[in-house]
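S.K.: Here is the input, now give the coordinates:
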Amino acid sequence: MCGIAGLLHFGRQPDAAERVRGMARSIRHRGPDDEGYWQDDSVALGFVRLSILDIAGGHQPMSNEDGSVWTIFNGEIYNHRDLRRELERCGHRFSTDHSDTEVLVHGWEQWGERLTDRLNGMFAFAVWDSRSRALFLARDRYGIKPLYKAALAGGEVLFASEIRAIHASGLLGREADADGLMEYLSQQNLWSGRTCFAGVEEFPPGTRETIDARAAKRVRYWDYSFPRGSRASLATAAAQHREILSRVIRRQAAADVPVMTYLSGGIDSSSIAAAAHQLDPGMAAYSCIFQLDGVGDDAIVDEREFSRSMAAYLGIRHIQLEVPQDALASSIDQTIRALETPRMGMSYVNFLIAQRVSRDGKVVLSGTGGDELHGGYVYRYRAVKPEASPLPHRLRQRVKRLLHGRGTVPPNGDAVYFQMLNFPIPVDRVEQALTPEFRRQVKSYDPRESIGRMLSDCPYEDPWDRVLWVDARTYLHGLLVLEDKLSMASSLEARVPLLDNELVDFVSNLPWRLLFDGDTGKIVFRESVRHLVPDTIYRKPKMGFGPPDASWYRGVLRPFIASQLSPDRVARRGVFQPQYVEAVLNDHFSGRANNVAIIWSMLSLESWCREFGLLGGDGAC
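M.R.: This next block holds a predicted model:
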């Protein structure tokens with residue numbers, strides 16, 4: 001796990017090497033153990049390393065034997081040993097003992113851009129091929145590892161693991177992007193490739209791009225697919241799932257440093273902890289618990305009884321972090337600084353638990369990704385009903401696109417799903433919530449168009465497949481951004497075994513009767529791990545990970561929130577209408593509504609402005 005940075009300039013930047021050195025050092029938290037640089041007359045590459053695999057031999061940038069191919073790589077390739085053997089049979093000679101980075105170098109020589117089709121892992125990497133004078137960029141299937149890019153007016157291309165490195169080049173000024181902010185406020189997420197910074201693009205997941213002096217060619221090499229071809233019984237599918245999960249944990253627990261695990265008390269983290277504990281009985285498990293004095297009904301989000309029972313069941317070493325009620329006030333700025341842009345969820349808790357784990361090691365196994373493809377979001381599936389239509393599929397798609405082009409929400413059951421995706425500020429409250437001045441700055445983003453296009457582009461008619469496809473492309477990607485940024489801020493590598501390619505491909509082929517029965521979700525997953533977890537965990541319903549913020553906001557955090565979102569501060573930013581913010585806070589503080597989501601978004605925006613010196617902000621990061 002590392003950080004990468006580069007500048008493709010084709011001779012236009014004589015000081016490119018020094019600029020890239022500054023870029024890499026701005027993300028030193030991603031790789032405090034080592035750094036490396038390489039350049040020629042067209043490109044400069046920089047790298048900071050968190051040493052986890054082949055500690056002695058994994059220095060980057062790394063090249064082939066004659067120095068004609070160079071790579072910088074952030075992530076882990078879990079099938080690197082199999083690929084190494086295949087490449088050796090093809091005549092390639094390796095200089096490292098077991099570095100997965102070197103597989104990319106020789107894999108590029110052997111397969112070119114089709115290399116990405118063979119990789120099982122989490123990655124963002126760049127390859128410079130001096131023979132073709134071309135730069136190749138790629139990101140893993142799901143977007144586990146981040147990659148950002150900026151194309152400059154002079155033809156130069158900046159790329160890096162974090163946005164701050166793009167700005168550290170000195171070639172692009174730091175300015176707010178109103179369209180990106182509008183997307184966040186309309187979706188509490190960013191999935192279009194926009195960021196909240198002008199001129200900076202998030203490179204899409206499952207995508208590769210080749211750039212030379214003439215042009216850039218971008219290809220989406222992978223997308224979610226649900227063939228649903230399996231005819232297996234529940235018992236057979238559960239046995240297959242169990243075998244695959246065992247292989248996955250063995251692959252993803254491989255490291256030259258100790259590996260730890262999160263343990264929230266849900267089926268995902270409990271299963272990972274159980275399988276990993278079988279491999280390493282000395283492994284430690286980490287849980288968040290919350291300070292609950294005076295907390296109301298939302299005390300239910302605290303899962304300490306489940307995580308403690310799971311830890312006792314395994315006999316695993318269990319470390320608990322109790323989050324105090326005022327933790328948001330002391331950690332939100334650090335969280336937003338790590339995230340670089342406002343993001344979804346009350347993610348300061350994720351930041352705090354990652355910070356705690358990093359005191360003991362460099363690698364942690366996370367349960368992120370277990371719900372999206374296993375059928376875990378039962379409330380979504382219950383809300384979306386199939387609707388019969390007399391029109392053939394192709395004609396329905398044409399009608400949808402026609403209506404969508406007019407700014408209309410696509411018809412049928414998508415309307416309910418649209419409402420789920422369009423929050424915390426729905427389309428009918430935009431004028432009430434946001435100032436006319438800010439709305440005029442928004443040039444191209446429209447929530448109807450953005451969400452409508454995502455729904456319209458979905459290739460599936462089955463309502464539950466539609467939810468899975470869109471959730472995976474939007475919500476899951478947002479979760480993965482959080483997982484990476486908030487762990488790497490503390491130099492911690494978070495691995496996500498439930499998104500291993502083998503497991504995803506298997507689950508995507510299962511019929512819905514093995515995922516959701518109208519009441520219970522993740523059916524095959526539960527049966528697969530039934531022998532690994534206590535009955536209370538096996539039967540436990542889905543609970544999201546997060547603090548009891550509804551109560552905390554009304555209690556100890558109320559003065560902090562009122563100060564951060566005072567009318568003067570809100571007016572200074574020029575985004576929200578002060579009277580709207582006041583109404584939102586009053587409704588929440590009085591208990592008339594639960595406005596946690598929109599309050600978090602407002603607090604995040606305020607912190608972002610301060611931390612990055614934007615929209616009248618008073619700080620710099």
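S.K.: C-alpha from now on. contacts and neighbour counts both.
M.R.: OK.
S.K.: Quick check: which ranges of the stretch 401-550 of the chain have low pLDDT?
M.R.: 401-413, 543-544 (pLDDT under 70).
S.K.: 80 - rerun?
M.R.: 401-413, 541-546 (pLDDT under 80).
S.K.: And the stretch 201-350 of the chain, by the same measure?
M.R.: Judged by pLDDT under 80, no stretch of the stretch 201-350 of the chain qualifies at all.
S.K.: Which residue ranges of it form helices?
M.R.: In the stretch 201-350 of the chain, the helices defined using DSSP state H, counting those that start in this stretch lie at 234-252, 267-279, 304-314, 327-339, 348-358.
S.K.: you'd agree residue 364 is in a strand?
M.R.: Yes. Under DSSP: H, G, I helix; E, B strand; the rest coil, residue 364 sits within a strand.
S.K.: Tally up the residues packed near it, please.
M.R.: 24 (other CA atoms under 10 Å).
S.K.: roughly how far is stretch 290-306 from the heart of the chain?
M.R.: Put simply, stretch 290-306 sits 26 Å off its chain's centre (CA atoms, centre = their mean, to the nearest Å).
S.K.: now do stretch 80-95
M.R.: In terms of CA atoms, centre = their mean, the centre of stretch 80-95 is found 31 Å from the chain centre.
S.K.: Likewise for stretch 251-259?
M.R.: Relative to the chain's own centre, stretch 251-259 is displaced by 21 Å; criterion: CA atoms, centre = their mean.
S.K.: Grab the CA positions of that stretch and hand them over as CSV.
M.R.: Taking C-alpha atoms only, stretch 251-259 is exported to CSV below (Å, rounded to 0.1, in the frame of the first residue of the first chain):
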residue,chain,number,x,y,z
ARG,A,251,-5.0,-14.8,-0.2
GLN,A,252,-5.8,-11.5,1.5
ALA,A,253,-4.2,-12.3,4.8
ALA,A,254,-0.8,-12.8,3.1
ALA,A,255,1.7,-10.2,4.2
ASP,A,256,5.2,-9.8,5.5
VAL,A,257,3.8,-7.9,8.5
PRO,A,258,1.1,-8.7,11.0
VAL,A,259,-2.5,-8.5,9.8
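S.K.: Now that stretch: buried residues?
M.R.: Residues of stretch 251-259 classed as buried under the neighbour-count rule (16 or more other CA atoms under 10 Å) are 251-253, 255, 258-259.
S.K.: farthest pair in the residues you listed?
M.R.: The span of the buried residues of stretch 251-259, defined through CA to CA, is set by 251 and 258 at 14.1 Å.
S.K.: just to revisit the earlier point, can you convert the helices of the stretch 201-350 of the chain into CSV and add a column each for distance to residue 25?
M.R.: Listed next are the helices of the stretch 201-350 of the chain as CSV, based on distance: least, CA to CA, whole Å:
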stretch, distance to residue 25
helix 234-252, 28
helix 267-279, 34
helix 304-314, 38
helix 327-339, 15
helix 348-358, 20
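S.K.: Single out the most deeply packed of these.
M.R.: Comparing the helices of the stretch 201-350 of the chain by mean neighbour count (mean count of other CA atoms under 10 Å), helix 267-279 ranks first with a mean of 24.
S.K.: Provide the angle between the direction of that one and the direction of helix 304-314.
M.R.: 20 degrees (axes from the mean of the first three to the mean of the last three CA atoms, to 10 degrees).
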